[in-house]
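Chemist: what shape does this take:
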Amino acid sequence: MDCLKDIAEKIVFQDGYYLFAVKGNQGRLQKTFEGKFPLKELNNLVYDSYSTTEKSHGREETRLHIVSNVPDKLIDFPLVEGRKKLCVAVSFRKEIASQVKEPEMQMRYYISSANLTAEKFARSIREH
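Modeler: Next up is the predicted model:
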């Protein structure tokens, strides 16, 4: 986490913005996201959200992007400089022709210093 803090401080100091992926080895940060965005509540969102659906290469994929402000009381890890948004990308993928393969779901978490909307967040991670 110290390395992440150092990088964030340098980016913010130079008037830049960051969008960091949260990784499994950042346990407390990941638990914060899981508490803030429980899977059972993704259908009843109170946060800014944006979704897309694409069909190609024999697959259909729906992506849901969610963005929330970072409440100070929620974050119990050392501050990452400039943090403004908690972002979640949920991907639902299924093979169109396959009756055998189960649909897949993947959740990825991000923290950002930019004042992102859900649509801008979606574009940022797709264009990276």
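Chemist: going forward, measure contacts between C-alpha atoms and count neighbours the same way
Modeler: OK.
Chemist: in the protein, where's the longest helix?
Modeler: Secondary structure of the chain per DSSP state H: the longest helix is helix 2-13.
Chemist: which strands and helices sit next to that one?
Modeler: Applying 3 or more Cα pairs under 8 Å, 6 or more residues apart in numbering; DSSP states H and E, we find helix 2-13 packed against no helix or strand.
Chemist: now that helix: buried residues?
Modeler: Under the neighbour-count criterion of 16 or more other Cα atoms under 10 Å, helix 2-13 has 8-9, 11-12 buried.
Chemist: what's the following helix or strand after it?
Modeler: Following helix 2-13 in sequence order, the next helix or strand is strand 19-21 (DSSP states H and E).
Chemist: list the buried residues for the very next helix or strand once past that next one?
Modeler: Downstream of strand 19-21, the next assigned helix or strand under DSSP H and E is helix 27-36. Residues of helix 27-36 classed as buried by neighbour count (16+ other Cα under 10 Å): 29-30, 33.
Chemist: quick one: the residues you listed as JSON lines, columns for pLDDT and distance to Arg123 too.
Modeler: Shown next, in JSON lines, are these (pLDDT from 0 to 100; distance: Cα to Cα, whole Å):
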{"residue": "Leu29", "pLDDT": "76", "distance to Arg123": "23"}
{"residue": "Gln30", "pLDDT": "79", "distance to Arg123": "22"}
{"residue": "Phe33", "pLDDT": "80", "distance to Arg123": "21"}
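Chemist: just to revisit the earlier point, would you turn the buried residues of helix 2-13 into JSON lines with distance to Thr117 and pLDDT?
Modeler: JSON lines is the format used below for these (distance: Cα to Cα, whole Å; pLDDT from 0 to 100):
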{"residue": "Ala8", "distance to Thr117": "20", "pLDDT": "82"}
{"residue": "Glu9", "distance to Thr117": "22", "pLDDT": "83"}
{"residue": "Ile11", "distance to Thr117": "20", "pLDDT": "87"}
{"residue": "Val12", "distance to Thr117": "19", "pLDDT": "83"}
